[in-house]
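Chemist: just coords:
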């Protein structure tokens, strides 16, 4: 059984999402667009332009696992759009940080090669 299939036992939707936004120093982000992929249905990638448009999140946040790289940025965009902090989050940035000691210990190899091997 693959990971998305196993996780779908616990979550109605497993969403990989990424917001693009602008942000002035010390200010809240201004979301520009969002892309969302639902791994449970393997449906098409949803893209929404957010400038001057009303946005309704297309999935129930309380039944979804949200996956993103540096997920706090995605959450800040959701907050700016008026949504609550989602209950279930997975940050790939945190997972990537786990590999840093491995990179530092293998000084003989170039870190780029180590990163390629990990993925």
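Modeler: Everything's here; your move. What you see is a predicted model; the values in this text were computed from it and never measured. Numbers count the residues shown, from 1 in each chain.
Chemist: show me what contacts the spatially most central residue of the chain?
Modeler: Closest residue to the average C-alpha location of the chain: residue 68 at 1.3 Å, with C-alpha atoms, centre = their mean. Under the criterion of C-beta atoms under 8 Å, 6 or more residues apart in numbering, the neighbours of residue 68 are 16, 17, 18, 74, 89, 90, 91, 92. Bear in mind the C-beta positions are built from the backbone N, C-alpha and C, glycine included.
Chemist: Go again with 6 Å.
Modeler: Counting by C-beta atoms under 6 Å, 6 or more residues apart in numbering, residue 68 touches 17, 74.
Chemist: Report pLDDT for it.
Modeler: The model reports residue 68 with a pLDDT of 95.
Chemist: Quick check: bridge partners of residue 47?
Modeler: residue 35 (DSSP bridges).
Chemist: Could you count how many residues lie near it?
Modeler: Residue 47 has 9 neighbouring residues, counting by other C-beta atoms under 10 Å.
Chemist: Same question for the one 3 residues further on.
Modeler: A count of nearby residues for residue 50, using other C-beta under 10 Å, gives 18.
Chemist: Now it: closest residue in space, sequence neighbours ignored.
Modeler: By the measure of C-beta to C-beta, 6 or more residues apart in numbering, the closest residue to residue 50 outside its immediate chain neighbours is residue 31, 4.6 Å from it.
Chemist: ok but the one you found is inside a strand, no?
Modeler: Yes: using DSSP: H, G, I helix; E, B strand; the rest coil, the assignment for residue 31 is a strand.
Chemist: pLDDT score assigned to residue 51?
Modeler: Per the predicted model, pLDDT is 81 at residue 51.
Chemist: Name the nearest residue to it, sequence neighbours excluded.
Modeler: Using C-beta to C-beta, 6+ apart, the closest residue to residue 51 is residue 32 (5.8 Å).
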